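1. Just the structure for this:
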Amino acid sequence: MQKSYTDAHRYSIENPEGFWKEQADEIHWFKKPSIIKGKDPLKNEWFVDGKLNLSYLCIDKHIEDGFGSQTAIVYDSPVTDTRREISYNELHDEVSRLAGGLLSLGIKKGDTVIVYMPMIPQAVYAMLACARIGAIHSVVFGGFAPHELAIRINDCKPKAIICASNGIEIDKVIPYKEFVDKAIDVAEHKPSNVVIFDRGDVYYSRSDRDIDYRELVEKSQAAEVVPVEGNHPSYILYTSGTTGTPKGIIRDTGGYATALKFSMTNIYAVEPGECFWAASDVGWVVGHSYIVYAPLINRSTTIVFEGKPIKTPDASTFWRIIEENKVKTMFTAPTAIRAIRKEDPKGEFIQKYDLSHFKYFFLAGERCDAATLHWLKAQLGIPVIDHWWQTESGWPMLANMAGLELFDVKPGSASFPVCGYDIQILNAEGEALGANEEGYVAVKLPLPPGNLVSLWQNPTRYQKGYLERFPGYYFSGDGGYKDEDGYFFITGRVDDVINVAGHRLSTAEMEEIVAKHPAIAECAVVGIHSDLKGQEPLGLIVLQSNVTESAEEISKAIINEVRKEIGPVASFKKVVHVQRLPKTRSGKTLRKLLRQIADSDQYNIPSTIDNIDVIGEIEMTFEENKVGRFKS
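-> Next comes the predicted model:
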């Protein structure tokens, strides 16, 4: 690796094949690739003729190198009062036998398997077992409702679902198996088997398709790794689309492994043997990349945390885990830090722990506000680094690359393009903008390894959604600008996907659910600012005439329905009854204007507005209902 960030980034852009060949040499291949980059710039193909296996890189390679007794995973579950260290040897035993069990169920290379589990080691075992035999896993976040799970079942058509009997929250038990059964009942596709890890907390019904996880592992022979091609799909991960229909992001194997290994040492400054903690969930891309694959490929210790930053039992949990495991680098969403700060504004808990091993704190998932960043840096006395990436990219796109060269942090900025990314700010015509000019954030093709290669069963949507708007570029869907020093600032989504506590959720999908209520004439859902969660959805409803129910009763019913259909992660808690919505003369609802009014942003009333009097009505309604800036 080059001595400076500037040299390394320049080399990665000017000679991507040379740069990424060097990085590919850092991982083990059963057959080294002779083709580094595919010729078609629209296809993100890397190392297509190489042969490798993610499960081997995460487990077997380290055992062969003599590190089998090293701790691979620390499972820390304050909600069950459990802490367990799992060595690479133990990980190998469980994963290889589960993989053998999947083979016995007829699952083979190229088949799909849904994993629907809480933050327990078995979720990681399931992912690695699929990778071991070349099966394509699709992890669905355990908080999603049966309706959402059914959509994913129909799209990826899994041969099996691996689930837990239940999840455990601070004050409730979530019946995962019941949700799976309901999802299969309404899904058109019916998986052959459901493998259940029984946690013993809930009763659940059994059917002929159900198989006990423990019995399957105990009776199965260990499976050897199946070498797969560099472009073999490793997983499908669904992310919200603006149409309300989830998009199945496809990740390859060779490019992904290469990029993740590169990122651990050069972005996060974590060496083999050191402890890294991404406080996220395996249902999200952060969990895939930085709870499971990247740390384990790097022979680092990773933490599987089943809890919350507060109330499990209090705001000291993060600092306890950092001390106990000598965490060097941590990564979480700003939402978690805002929650901790609210509970412990003076940082009194932080002072009780020995954090001398703790060197870097990374934040992502949403833009970090300056106040949160300053508070955290003042409390910890270490670099606090905001960085930016997406489900689609699979690993960071903008970052202060701590392992390569650390620059001053600018609050509000995600710093500089990571090696391999040629990021530019474009205007609507696709022309590059100058310093401090806000526009569309795009990446000049080719994308580096590790990024999405397509959308599952929908290459046309992939092309239209990411590559058509600005020919020769990948369009991120975000807006932003670059300052005179080259620091990038991401200002937010330019579509109708909002970011709630790091979770990307479709307001269009929420609107569809709201509109189903028979009393609703019109509705809109917009994302407004939240001090705690970054954004939260606000529903606005216009009622049918002659409705007998009160607006309050209708609002409660709608909130419950959104919770049922999407899940509590939507944080859909506020519905406001308005007499009419601001619209253009062509009938388009002015959602951006609604958001700006609620957030106290400066706004210009569009010349196309149908009736300007509605602005005053909306402001008065927001004030009456204490919405956004009108709370006080």
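2. make it CA atoms for all contacts and neighbour counts henceforth
-> Noted.
3. Check the burial of the nearest residue to residue 482 once chain neighbours are set aside by counting its neighbours.
-> Nearest residue to residue 482 in three dimensions, chain neighbours excluded: residue 488, at 4.4 Å (Cα to Cα, 6 or more residues apart in numbering). By other Cα atoms under 10 Å, 28 other residues sit near residue 488.
4. Residue 488 contacts residue 409, doesn't it?
-> No. Shown here, residue 488 and residue 409 do not form a contact pair, counting by Cα atoms under 8 Å, at 11.4 Å.
5. Quickly list what's touching both of these two.
-> residue 415 (Cα atoms under 8 Å, 6 or more residues apart in numbering).
6. Quickly list what the residue nearest to residue 482 is bridged to.
-> Here residue 488 sits in beta bridges with residue 415, residue 482, going by DSSP bridges.
7. likewise the one 5 residues further on?
-> According to DSSP bridges, residue 478 are recorded as the beta-bridge partners of residue 493.
8. Residue 173 now?
-> Bridge pairing for residue 173 - DSSP bridges - gives residue 168.
9. Show the contacting residues for it.
-> 166, 167, 201, 202.
10. How about residue 42?
-> Contacts of residue 42 by Cα under 8 Å, 6+ apart are 445, 446, 467, 472.
11. Try it again at 10 Å.
-> In this structure, residue 42 makes contact with 445, 446, 447, 453, 463, 467, 471, 472, 473, 474, judged by Cα atoms under 10 Å, 6 or more residues apart in numbering.
12. ditto for residue 167
-> 117-120, 142-143, 173-177, 199, 201-202, 306.
13. Which one of these is nearest to residue 550?
-> residue 143 (30.3 Å; Cα to Cα).
14. Quick one: neighbours of the closest one, just the number.
-> Should you count by other Cα under 10 Å, residue 143 turns out to have 21 residues around it.
15. still on that earlier bit, return the subset of the contacts of residue 173 lying in strands.
-> residue 167 (DSSP state E).
16. are any of the contacts of residue 173 buried, and which?
-> Among those, those scoring as buried are 166, 167 (criterion: 16 or more other Cα atoms under 10 Å).
17. from the contacts of residue 173, which single one is nearest residue 316?
-> residue 167 (22.6 Å).
18. Helix, strand, or coil at residue 283?
-> Judged by DSSP: H, G, I helix; E, B strand; the rest coil, the three-state class of residue 283 is coil.
19. and the closest residue in space to it that isn't next to it in sequence, how far is that from residue 126?
-> Nearest non-adjacent residue to residue 283, counting by Cα to Cα, 6+ apart: residue 141, 4.0 Å away. Per Cα to Cα, to the nearest Å, residue 141 is found 14 Å from residue 126.
20. And those two? Which one has more around it.
-> residue 126 (25 against 21).
21. name the element the most far-flung residue of the chain relative to its centre belongs to?
-> No residue in the chain sits farther from the centre than residue 546, which is 43.7 Å out by Cα atoms, centre = their mean. Assigned by DSSP states H and E, residue 546 belongs to no helix or strand.
22. Check residue 447 too.
-> Residue 447 is located outside every helix and strand, with elements delineated by DSSP H and E.
23. Now for residue 64, how many residues are close by?
-> 9.
24. gap between it and residue 71?
-> Relative to residue 71, and taking Cα to Cα, residue 64 is found at 15 Å.
25. And the residue nearest to residue 283, what's its pLDDT?
-> pLDDT recorded at residue 141 is 89.
26. quick one on the thing from earlier: any of the contacts of residue 42 buried? List them.
-> 445, 446, 447, 453, 463, 467, 472, 473, 474.
27. I figured the first one hits residue 422, correct?
-> Yes. Applying Cα atoms under 10 Å, one finds residue 445 in contact with residue 422, separated by 7.8 Å.
28. Overlap in contacts, the two.
-> residue 473.
29. Now the common contact residues for residue 141 and residue 126.
-> Counting by Cα under 10 Å, 6+ apart, the residues touching both residue 141 and residue 126 are 115, 116, 117.
30. does residue 540 sit in a helix or strand, and which one?
-> Counting by DSSP H and E, residue 540 is found in strand 534-543.
31. Now that strand - C-alpha only, CSV.
-> Extracted in CSV, the C-alpha atoms of strand 534-543 (Å, rounded to 0.1, in the frame of the first residue of the first chain):
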residue,chain,number,x,y,z
GLY,A,534,-32.3,11.4,12.4
GLN,A,535,-35.7,11.3,10.7
GLU,A,536,-39.1,10.0,11.6
PRO,A,537,-42.2,9.6,9.4
LEU,A,538,-45.1,12.0,9.7
GLY,A,539,-48.4,10.9,8.3
LEU,A,540,-50.9,13.5,7.0
ILE,A,541,-54.4,12.4,6.3
VAL,A,542,-57.4,14.0,4.6
LEU,A,543,-60.6,12.3,5.7
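32. Report the mean confidence score over it.
-> pLDDT averaged over strand 534-543 gives 91.
33. Return the set of buried residues in stretch 76-86.
-> Buried-residue list, stretch 76-86, by 16+ other Cα under 10 Å: 76, 77, 78, 79, 86.
34. Equivalent analysis for stretch 130-147, please.
-> So for stretch 130-147, counting by 16+ other Cα under 10 Å, buried means 130-147.
35. In helices, which of those residues appear?
-> 130, 131, 132, 133, 146, 147 (DSSP state H).
36. thought the fifth one was touching residue 567?
-> Spelled out, that is residue 146. Yes. Applying Cα under 10 Å as the test, residue 146 and residue 567 come out as touching, 9.0 Å apart.
37. Can you tell me which one of the contacts of residue 167 sits lowest on pLDDT?
-> residue 143 (72).
38. Contact partners for that residue?
-> By Cα under 10 Å, 6+ apart, the residues touching residue 143 are 116-118, 149, 167, 174, 176, 179, 283, 566-570.
39. Out of those, give me the one that has the most neighbours.
-> Within the contacts of residue 143, most neighbours by other Cα under 10 Å means residue 117, with 30 neighbours.
40. That one against residue 138, yeah?
-> No. Applying Cα under 10 Å, one finds residue 117 not in contact with residue 138, separated by 11.3 Å.
41. if I've got this straight, residue 249 is in a helix?
-> No. Residue 249 sits outside any helix when classified using three-state DSSP, being strand.
42. what ranges do the helices span in the stretch 101-250 of the chain?
-> 121-133, 146-156, 176-186, 213-219 (DSSP state H, counting those that start in this stretch).
43. Now the weakest link among these, please, by mean pLDDT.
-> The bottom spot among those, by mean pLDDT, belongs to helix 146-156, with a mean of 93.
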